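In: sequence first, predicted model second:
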There are 2 protein chains.
Amino acid sequence: MDHHVATCRAELVAVLTTLRNGMPEVLTLQDGRCLPAGPLETEHTSLQRGLRHWVEQQTGFRLGHVEQLYTFGDAALAQQDRLVRISYMALTRDGQTQGGWQSWYNYFPWEDRRTNGCLTVLKTIEDRLKGWAGDQTERLERCNQAFGLNGESWNDDAVLERYELLWEAGLVREAGRETVSQINGQSMLGDHRRILATALSRLRAKIRYTPAVFELVPEEFTLLHLQQAMEALSGRLMHKQNFRRLVQNQQLVEETDRYESGVQGRPARLYRFHRENSENCYLSGAKLPLEEIS
Amino acid sequence: MDHHVATCRAELVAVLTTLRNGMPEVLTLQDGRCLPAGPLETEHTSLQRGLRHWVEQQTGFRLGHVEQLYTFGDAALAQQDRLVRISYMALTRDGQTQGGWQSWYNYFPWEDRRTNGCLTVLKTIEDRLKGWAGDQTERLERCNQAFGLNGESWNDDAVLERYELLWEAGLVREAGRETVSQINGQSMLGDHRRILATALSRLRAKIRYTPAVFELVPEEFTLLHLQQAMEALSGRLMHKQNFRRLVQNQQLVEETDRYESGVQGRPARLYRFHRENSENCYLSGAKLPLEEIS
DNA sequence: TACTATATGCTCAATTAGAGCATAATAGTT
DNA sequence: AACTATTATGCTCTAATTGAGCATATAGTA
């Protein structure tokens, strides 16, 4: 038999995240139904430049530093004209731009464990998943691992695993066949929601051992701001005193001589990121199991 | 101006790693000068299947589970016929197959901190880097971070950063312009050595929080075997008693009733991987700074 | 002034990590 | 058989780190 080198087109997809009002938000198009994306063109001198071009053209936004996420090779497409979809992640603190910013947790309502609402969603999911798994131990085991059931612990980073499990169990649907349920969350076109889940997984993992949060908070911030940023991204509440101890011991921040104003209570000191000491940054721990309240 | 969707070819590259005689080895072609790779063809129904096809064709090896590493879009190539290089990583315990297995540390002699030889290489590198950096604080800072100089700590995972820094400083060369120096290590064609560095970084990070090591050791192993596997991959020596405490406390392994035979000293008990308890696997710590001896 | 709300300092117990000593079990040697 | 070399395994001790919560400080507001 003879072999032919396949030609393909490359599509570039961007997941740009910002924080606003204590919610992580993603830049979208078409009323939240898809991510900024476009094909690699002959004019583009690199993948990243192609990505920047499309994001700027479609949303007016200029990307800063980007990180590659994953490359999907769509097997379902025609042999002759393949599509390779290369996805990237970026962060910005300037989400003020007009445009389709959507909360992450519209797409993944089960991921925001700061709220009690999430817990009721998770209860429903648990029931449905158990129905799906039946007595197949392999499925049960996967459900337990992904959703921290049956004594297993919840793993923040496993956003993609949870999404894919829900998909496999038929509990989430994408564009065209939405079931308007409390579980489903907002759907997207194609596999864009899966790409979004990949980004969320990566970012949650990343903020634990790199100072990436600081790209999302203002130049000057209070320790509570920083904590709330971490909580928004990880979807979990943290213990206030321990969080500040962690941050201060690692000397990740330096004091300014200014204080927050115009808020209730004792005014909080403003800090700034101390770039020099950020080699080993661990903001992981300091969790408070407030989730168990409800 | 008019825009044209670019067509491109996709090349698939594999980094297959095994452990043999206490050394991590990678499957190569052409006497170690490149990695198994080939273009995506119309016959391939997915990227992974294309990868498997080429590896099997070129080396006779059938890949198991693979993990995507990174997609390089070569900007230097002609506009009309672009190349997208998608790289993957895989592990196997069956490195016995004939073929071009090469030690990782032939390519990165500065990464194997188990040996004293490495330390002399690092000394040389340190000197040369300082020469390159001069009094540019930005360069100095990067050298310190990457190589754990000047009070900073050595980060196992930063293999790619170190390689790229050495490249930038002109201390490593690729095919065609080898300088046969003790520092350089073995060179490869194109950017294959960079892909290898990416794989090393990823694997070193991965073994710390997943049970990936168990894919590289035999079904039954002693705790020392397991420790030596970790040491080979991370390039660092560990404290024996603390390592076994860590492994046993996390119940990552289960005893068998068999013992190792045919070796000196008290025979060691054989263990096997305990898959059920492997959700939170942390084999990080338990380091012994034997490196400081020399 | 008293009250409320938030920031910040500090303590205490439990757990984990780093280092090293002591004993156990084997093969080979005298 | 006693001794030695060598590796495995058990155990201790101290220093850090983590989890949780109490106490005090400093603002605005009734």
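Out: That came in fine, so what should we check first? Residues are numbered from 1 along each chain as shown, chains lettered A, B, ... in the order given.
In: where does chain A dip in pLDDT?
Out: Along chain A, segments meeting pLDDT under 70 span A:1-2, A:75-80, A:95, A:175-182, A:285-294.
In: now do the contacts for the residue nearest the centre of chain A.
Out: In chain A, the C-alpha nearest the mean C-alpha coordinate belongs to A:L200, at 2.3 Å (Cα atoms, centre = their mean). By Cβ atoms under 8 Å, 6 or more residues apart in numbering or on different chains, the contact set of A:L200 is A:104, A:108, A:111, A:159-160. Every residue, glycine included, has its C-beta placed from N, CA and C.
In: list just the nearest of those to B:G151.
Out: Taking Cβ to Cβ as the measure, B:G151 sits nearest to A:V159 out of the contacts of A:L200, at 36.6 Å.
In: would you list the phi and psi of the closest one?
Out: Here is the backbone geometry of A:V159 (degrees, to the nearest 10): phi -60, psi -40.
In: can you report how many residues neighbour the residue in the stretch 51-200 of chain A positioned nearest to DNA strand D?
Out: The nearest approach of the stretch 51-200 of chain A to DNA strand D comes at A:S153, 10.8 Å away (Cβ to the nearest atom of the strand). Applying other Cβ atoms under 10 Å in any protein chain shown, we find 8 residues neighbouring A:S153.
In: nearest spatial neighbour of it, skipping sequence neighbours?
Out: B:N280 (6.8 Å; Cβ to Cβ, 6 or more residues apart in numbering or on different chains).
In: where's the one you found relative to B:E56, distance?
Out: Applying Cβ to Cβ, to the nearest Å, the value for B:N280 to B:E56 is 35 Å.
In: burial measure for A:T45, as a count.
Out: 12.
In: would you say it is within a helix?
Out: No. Using DSSP: H, G, I helix; E, B strand; the rest coil, the secondary structure at A:T45 is coil, not a helix.
In: now the nearest residue to A:D191 once chain neighbours are set aside, which residues is it bridged with?
Out: The shortest distance from A:D191 to any residue other than its chain neighbours is 6.6 Å, reached at A:F72 (Cβ to Cβ, 6+ apart). Beta bridges link A:F72 to A:R85 when assigned by DSSP bridges.
In: burial count for A:F72?
Out: Neighbours around A:F72, by other Cβ under 10 Å: 20.
In: biggest strand in chain A by residues?
Out: Selection of the longest strand in chain A by residue count, based on DSSP state E, yields strand A:7-20.
In: which other helices and strands contact that one?
Out: strand A:23-28, strand A:37-39, helix A:47-59, strand A:82-91, helix A:192-209, helix A:223-234, strand B:7-20, strand B:82-91 (3 or more Cβ pairs under 8 Å, 6 or more residues apart in numbering or on different chains; DSSP states H and E).
In: how about a cut-off of 6 Å?
Out: strand A:23-28, strand A:37-39, helix A:47-59, strand A:82-91, helix A:192-209, strand B:7-20 (3 or more Cβ pairs under 6 Å, 6 or more residues apart in numbering or on different chains; DSSP states H and E).
In: roughly how far is the next helix or strand after the fifth one from the heart of the chain?
Out: What that stands for is helix A:192-209. The helix or strand immediately downstream of helix A:192-209 is strand A:220-221, counting by DSSP states H and E. Strand A:220-221 has its average C-alpha position 23 Å from the chain's average C-alpha position, going by Cα atoms, centre = their mean, to the nearest Å.
In: could you do stretch A:149-161 as well?
Out: 15 Å.
In: list the contacts of that stretch.
Out: Contacts to stretch A:149-161, defined as Cβ atoms under 6 Å, 6 or more residues apart in numbering or on different chains, come from residues A:144-146, A:148, A:197-198, A:200-201, A:204-205, A:234, B:279.
In: same deal with stretch A:7-26?
Out: A:27, A:35-37, A:39-40, A:50-51, A:55, A:82-92, A:95, A:101-104, A:195-196, A:199, A:216, A:228-229, A:232-233, B:5, B:7-8, B:10, B:84.
In: before we move on, what SS does A:G185 have?
Out: Assigned by three-state DSSP, the conformation of A:G185 is coil.
In: distance of A:W110 relative to A:E231?
Out: A:W110 is 16 Å from A:E231, by Cβ to Cβ.
In: now do A:Q57
Out: For A:Q57, the distance to A:E231 - Cβ to Cβ - is 34 Å.
In: and for A:V5?
Out: Taken as Cβ to Cβ, the span from A:V5 to A:E231 is 49 Å.
In: who's more crowded, the two?
Out: Using other Cβ under 10 Å as the criterion, A:V5 and A:E231 rank with A:E231 on top: 19 against 13.
In: contacts only, for the more buried one.
Out: A:114, A:237-238.
In: next, the closest residue to DNA strand C within the stretch 51-200 of chain A: secondary structure please.
Out: Residue of the stretch 51-200 of chain A nearest DNA strand C, by Cβ to the nearest atom of the strand: A:S153 (11.9 Å). At A:S153 the chain is in coil, as set by three-state DSSP.
In: about what we covered before: possible to save the helices and strands packed on strand A:7-20 as CSV with distance to DNA strand C?
Out: As requested, the helices and strands packed on strand A:7-20 are exported to CSV (distance: least, Cβ to the nearest atom of the strand, whole Å):
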stretch, distance to DNA strand C
strand A:23-28, 18
strand A:37-39, 39
helix A:47-59, 33
strand A:82-91, 24
helix A:192-209, 15
strand B:7-20, 23
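In: now distance to B:L223 too, for these, in JSON lines please.
Out: Below are those laid out as JSON lines (distance: least, Cβ to Cβ, whole Å):
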{"stretch": "strand A:23-28", "distance to B:L223": "43"}
{"stretch": "strand A:37-39", "distance to B:L223": "49"}
{"stretch": "helix A:47-59", "distance to B:L223": "45"}
{"stretch": "strand A:82-91", "distance to B:L223": "39"}
{"stretch": "helix A:192-209", "distance to B:L223": "27"}
{"stretch": "strand B:7-20", "distance to B:L223": "16"}
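In: residues in chain A within reach of chain B, list them.
Out: A:3-10, A:39-42, A:45-47, A:71, A:73, A:75, A:79, A:84, A:86, A:145, A:152, A:279 (Cβ under 6 Å from any Cβ of the partner chain).
In: okay, now A:E279: neighbour count?
Out: Neighbour number of A:E279 under other Cβ under 10 Å is 15.
In: now the one 4 residues further on
Out: Using other Cβ under 10 Å, A:L283 has 23 other residues around it.
In: just to be sure, it is in a helix?
Out: No. Under three-state DSSP, A:L283 sits outside any helix and is assigned coil.
In: for B:P24, see how far away it is.
Out: For A:L283 relative to B:P24 (Cβ to Cβ), the value is 31 Å.
In: centre of the chain versus the longest strand of chain A, how much separation?
Out: Worked out by Cα atoms, centre = their mean, strand A:7-20 lies 13 Å from the chain centre.
In: return the set of buried residues in that strand.
Out: For strand A:7-20, a neighbour-count test (16 or more other Cβ atoms under 10 Å in any protein chain shown) marks A:7-19 as buried.
In: tell me the angle of it relative to strand A:82-91?
Out: 20 degrees (axes from the mean of the first three to the mean of the last three Cα atoms, to 10 degrees).
In: mind listing what strand A:7-20 pairs with, with the direction of each?
Out: Sheet pairing for strand A:7-20, assigned by DSSP bridges, gives strand A:23-28 (antiparallel), strand A:37-39 (antiparallel), strand A:82-91 (parallel), strand B:7-20 (antiparallel).
In: switch these over to JSON lines; also include distance to DNA strand D.
Out: Compiled in JSON lines, the strands paired with strand A:7-20 are given as follows (distance: least, Cβ to the nearest atom of the strand, whole Å):
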{"stretch": "strand A:23-28", "distance to DNA strand D": "22"}
{"stretch": "strand A:37-39", "distance to DNA strand D": "39"}
{"stretch": "strand A:82-91", "distance to DNA strand D": "25"}
{"stretch": "strand B:7-20", "distance to DNA strand D": "17"}
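In: what about the nearest residue to A:S284 once chain neighbours are set aside, how many residues nearby?
Out: Of all residues beyond its chain neighbours, the one nearest A:S284 is A:R208 (4.6 Å), with distances taken as Cβ to Cβ, 6+ apart. Look at A:R208: counted by other Cβ under 10 Å, it has 18 neighbours.
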